[in-house]
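**Q** Return atomic coordinates for the entry below.
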Amino acid sequence: MSDDNFEIPRLPAAYNLIPFESVGSTMTEARKLAILGEDETPDGTLIWAREQTEGRGRRGNSWDSPKGNFYMSLITRPDVLPANAAELAFVTGCAIFDTVGEVCEPGFECRLKWPNDVLLNDCKIAGLLLETRASAGDNVDYVIIGLGLNLLSHPQNTEYPATNFVNEGQIIPDTVFLEAFARHFMDWASRWVDEGFEPVRQGWKWRAKGIGEEINVRLENETLTGVFKDLAPDGSLILDQDGTERIITAGDVFFPNLNKDS
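**A** Sure thing, here's the model as predicted:
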């Protein structure tokens, strides 16, 4: 159940906040609510927890979720086909970038890492997870956006180096981050709805790391090396391998100059 002792953030009226002191997974809770339908859990229902005991990330990987960090899952019900649902990851990435710019002191380099990560000073500070439900041939029923962000601590010995805001000299209360993120997400989501994906795509590219540079992309059965040429109109990564373009729809990106062992 939600906790009555929360300092409740001031969110725009479009959000329906459901806070927990501790929960197994905000994604699991959001899914339970989302399947009840729009009347029960409308667009903008936001599950927020100060601790997850069964947190998970992309591809079913566990997500270390101790107290002190930021965990949320946002139920959205956009009027789009399933093929367009992944665009919300880029909407959210732009919103997180702008939130970090608002709540942090100047001098911190924030960059977006394709497809769903956020970097601070070249180390991972946050990760996104999207879950979509739709019937065949129909628009989506819902898209749940999960976000985990390291405010106080970060996992050690990860494949990609991680950090947290305190480690970088920034103390950011979770309520402050949530209030700022809620506003920036509304701005970017409204732009997406009104103008389509292209302005979001351009905004994401401006905030991204690695475009025009050599990268390694780890796929399920191989690792590719090439230049991150561009972000495709659908959000895929365009990899240039000596003049041959390859379209990557899913994978893990590493930067050779930073990740020597990748």
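**Q** so what's the nearest residue to N16 once chain neighbours are set aside up against?
**A** Nearest non-adjacent residue to N16, counting by CB to CB, 6 or more residues apart in numbering: T45, 4.5 Å away. Any C-beta I mention is one placed from the backbone N, CA and C, and that applies to glycine too. Listed by CB atoms under 8 Å, 6 or more residues apart in numbering, the contact partners of T45 are 15-16, 18, 30, 33-34, 74-75.
**Q** which residues of this protein score low on pLDDT?
**A** Flagging of the chain using pLDDT under 70 yields the residue ranges 1-6, 54-65, 136, 259-262.
**Q** all strands of the stretch 1-150 of the chain, in order?
**A** Taking DSSP state E, counting those that start in this stretch, the strands of the stretch 1-150 of the chain run over residues 16-20, 45-49, 70-76, 110-113, 117-120, 123-134, 140-149.
**Q** correction: the stretch 151-262 of the chain
**A** Using DSSP E, counting those that start in this stretch, strands in the stretch 151-262 of the chain cover 214-218, 223-231, 237-241, 244-248, 252-254.
**Q** Counting neighbours, which bits of the first one end up buried?
**A** By neighbour count, and taking 16 or more other CB atoms under 10 Å as the criterion, the buried residues in strand 214-218 are 215-217.
**Q** can you list contacts of that strand?
**A** 223-228, 237, 239, 248, 251-256, 259, 262.
**Q** can you check the last one too?
**A** Contacts made with strand 252-254 from outside it, assessed by CB under 8 Å, 6+ apart, are listed as 113-114, 159-160, 210, 215-218, 228, 237, 262.
**Q** Using CSV, please lay out those residues together with distance to P199.
**A** Formatted as CSV, these follow (distance: CB to CB, whole Å):
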residue, distance to P199
K113, 20
W114, 18
E159, 32
Y160, 28
G210, 21
I215, 25
N216, 29
V217, 26
R218, 30
F228, 20
L237, 19
S262, 32
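**Q** rewinding a little: roughly how far does the residue nearest to N16 sit from G203?
**A** 25 Å (CB to CB, to the nearest Å).
**Q** Then G37?
**A** Here G37 is placed at a distance of 32 Å from G203 (CB to CB).
**Q** Equivalent analysis for A13, please.
**A** 25 Å.
**Q** neighbour-wise, which of the two wins?
**A** Taking neighbours as other CB atoms under 10 Å, A13 and G203 compare with G203 leading, 21 against 6.
**Q** on that earlier part again, between the strands of the stretch 1-150 of the chain, which one is nearest to S190?
**A** Ranking the strands of the stretch 1-150 of the chain by their distance to S190 (criterion: CB to CB) puts strand 70-76 first, at 12.3 Å.
**Q** Now do the closest one: which elements does it pack against?
**A** helix 26-34, strand 45-49, strand 140-149, helix 174-195 (3 or more CB pairs under 8 Å, 6 or more residues apart in numbering; DSSP states H and E).
**Q** a markdown table for those, including distance to F97?
**A** A markdown table is the format used below for these (distance: least, CB to CB, whole Å):
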| stretch | distance to F97 |
| --- | --- |
| helix 26-34 | 21 |
| strand 45-49 | 19 |
| strand 140-149 | 12 |
| helix 174-195 | 8 |
